[in-house]
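>>> Predicted model follows, preceded by the sequence.
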Amino acid sequence: MKTVRNAILCAVVPLVCAMGATHAQAQGIGRSGTYGPMWDSPVTMSMDKLTAQQRNEVVQIKSRMMQMAMEHDQMMAKMELEFMHTMMDLQKQLLDVFRGH
């Protein structure tokens, strides 16, 4: 039994490591320091080098990004709530069916 467990462990560990490395490469981890989507990354350019109009544009764009992120979070919360209500209703229906027998 111990030999089988060791054999499985020796086969699974390299597989998991290879899958992790493949996932990291697919996500872009380790490439130029990028981790995740570009919109989550802070803007690296200094605001001091921008003109007043460009700074205004940056503020407007960031404001729209924050607004869209908030709207996305609200919609996801709403959908999650609707999902939970529907699942509870379906579970009640299942319970009623099993009680009927």
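Done, it's in.
>>> Follow the chain on from the helix or strand bottoming out on mean pLDDT in the chain and name the next helix or strand.
None of the helices or strands of the chain scores lower by mean pLDDT, DSSP states H and E than helix 2-27, at a mean of 64. With elements assigned by DSSP states H and E, the helix or strand that comes after helix 2-27 is helix 52-100.
>>> That following helix packs against which elements?
With contacts taken as 3 or more C-beta pairs under 8 Å, 6 or more residues apart in numbering; DSSP states H and E, helix 52-100 sits against no other helix or strand. For the C-beta atoms, the positions are set from N, CA and C on the backbone; glycine is no exception.
>>> got the domain boundaries for this structure?
According to automatic domain parsing, the chain is divided into the following domains: 1-34, 47-101.
>>> among these, where is the model least confident on average?
Sorting the domains of the chain by mean pLDDT places domain 1-34 lowest, at a mean of 62.
>>> So what's the residue count around residue 55?
Residue 55 has 13 neighbours, counted by other C-beta atoms under 10 Å.
>>> My guess is it contacts residue 49. True?
No - here residue 55 does not reach residue 49: they are 9.9 Å apart, not a contact under C-beta atoms under 8 Å.
>>> Could you check how many residues crowd around residue 50?
Residue 50, neighbours per other C-beta under 10 Å, totals 13.
>>> Look up how far residue 77 lies from the residue lying closest to it once chain neighbours are set aside.
Distances taken as C-beta to C-beta, 6 or more residues apart in numbering put residue 58 closest to residue 50, at 6.8 Å, once the chain neighbours are dropped. Using C-beta to C-beta, to the nearest Å, one gets 29 Å for the distance from residue 58 to residue 77.
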